[in-house]
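K.L.:
Prediction below, plus the sequence it came from.
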Amino acid sequence: MVLRECPSEEEWNEIFGNSLFPDILKFVDSLKRSGKTYEDGFEFIRGIETREYYFQLRHRIADTAISYVFVVYFYNKGIPDKRWSVSPGRDGCSVEYFPDFENIHYEIKKWFDYYSDVFYYKLFSALDIVGHILNNTQNLKIKKSKVSFSRSLRKLEGINDELFETINSINQNQDFKTAQEIRNDITHNYLPSSVGVSVTIDEKQGIVGERAYITSCDIINNINSMLKLFKQILDAI
């Protein structure tokens, strides 16, 4: 079975409208329109660049909103993965994964996993654009090719300590750290939405065990928490 579905216009408007995205996009639009007096030509040029970064930020947030709508849409269809493994399983197997799934749930989960992966990619891409904005507005003097959200945040300490403390407290939030781990695993390690064995090998031994799994409910909760934290970061800058 191949599931090919999109939210209806009514479903799209409901999911989007009940999220933080309308407020976030409205806020970014207000930043793009804000005027400023520059003391010299260099500051004027940097102001133009900063405004362009606000356009880039809005574009990435809009992409993140698209993935969010699809994540919630497929989540609402039901993914019974709270009990994601049982041992022993049916038919004599040692471990059975997703014992409460029917065939349709694998398709729903496939699309949920895809759009949640995209959500984390796009959101952290938007955060790196925030790093560029901080680099420009706070005169952090980081080479453009080296700018990231985390590097700009570290450089901010000692330059604008009040802003650093505000953003760093958000960065240290456990939900933020969890999102960073999820995004890193999606890119570099075992997919957090996949099941199976985990193998650890060092010079002396190899260890095989069942790897960690993050349920769809935990993913959706983290996504909603990250949107709140992301808005707090925008409010701070």
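P.N.:
Thanks, I have the structure now.
K.L.:
Tell me who's in contact with the residue nearest to the spatial centre of the chain.
P.N.:
Nearest residue to the geometric centre of the chain (CA atoms, centre = their mean): Tyr120, 2.8 Å. Tyr120 is in contact with 179, 182-183, 186, counting by CB atoms under 8 Å, 6 or more residues apart in numbering. Where you see a C-beta, it was placed from the backbone N, CA and C, and this is true even at glycine.
K.L.:
Can you name the two of those residues that sit furthest apart?
P.N.:
Spatially, the most separated pair among those is Ala179 and Ile186, at 10.5 Å (CB to CB).
K.L.:
Which one's more surrounded, the two?
P.N.:
The neighbour comparison of Ala179 against Ile186 (other CB atoms under 10 Å) goes to Ala179, with 23 against 18.
K.L.:
The more buried one contacts Leu227, doesn't it?
P.N.:
No. The pair Ala179 and Leu227 fails to qualify as a contact (CB atoms under 8 Å) at a distance of 10.2 Å.
K.L.:
got any residues that touch both of these two?
P.N.:
With CB under 8 Å, 6+ apart, Ala179 and Leu227 have no common neighbours.
K.L.:
Look up phi and psi at Ser85.
P.N.:
Backbone geometry at Ser85, expressed as degrees, to the nearest 10, gives phi -150, psi 150.
K.L.:
partner residues bridging it?
P.N.:
Tyr97 (DSSP bridges).
K.L.:
Give me the pLDDT for it.
P.N.:
Here, the pLDDT recorded for Ser85 equals 85.
K.L.:
same question, Ser198
P.N.:
Looking at Ser198, its pLDDT stands at 58.
K.L.:
Repeat that for Thr166.
P.N.:
We have a pLDDT of 97 for Thr166.
K.L.:
how close does it sit to Leu234?
P.N.:
Thr166 is 12 Å from Leu234, where distance means CB to CB, to the nearest Å.
K.L.:
ok now the strand or helix carrying Ile233, how far from the chain's centre?
P.N.:
Using DSSP states H and E, Ile233 maps to helix 216-236. Offset of helix 216-236 from its chain centre (CA atoms, centre = their mean, to the nearest Å): 8 Å.
K.L.:
One more: stretch 228-237?
P.N.:
Relative to its chain's centre, stretch 228-237 lies at 14 Å (CA atoms, centre = their mean).
K.L.:
For it, which outside residues touch it?
P.N.:
The contact list for stretch 228-237 (CB under 8 Å, 6+ apart) reads 20, 23-24, 27-28, 123, 126-127, 130, 133-134, 137, 163, 166-167, 170, 173, 175-176.
K.L.:
Of these, grab the buried ones for ChimeraX.
P.N.:
Applying 16 or more other CB atoms under 10 Å to the contacts of stretch 228-237 leaves a buried subset, and the ChimeraX line that selects it is:
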select :24,28,123,126,127,130,133,134,137,163,166,167,170,173,175,176
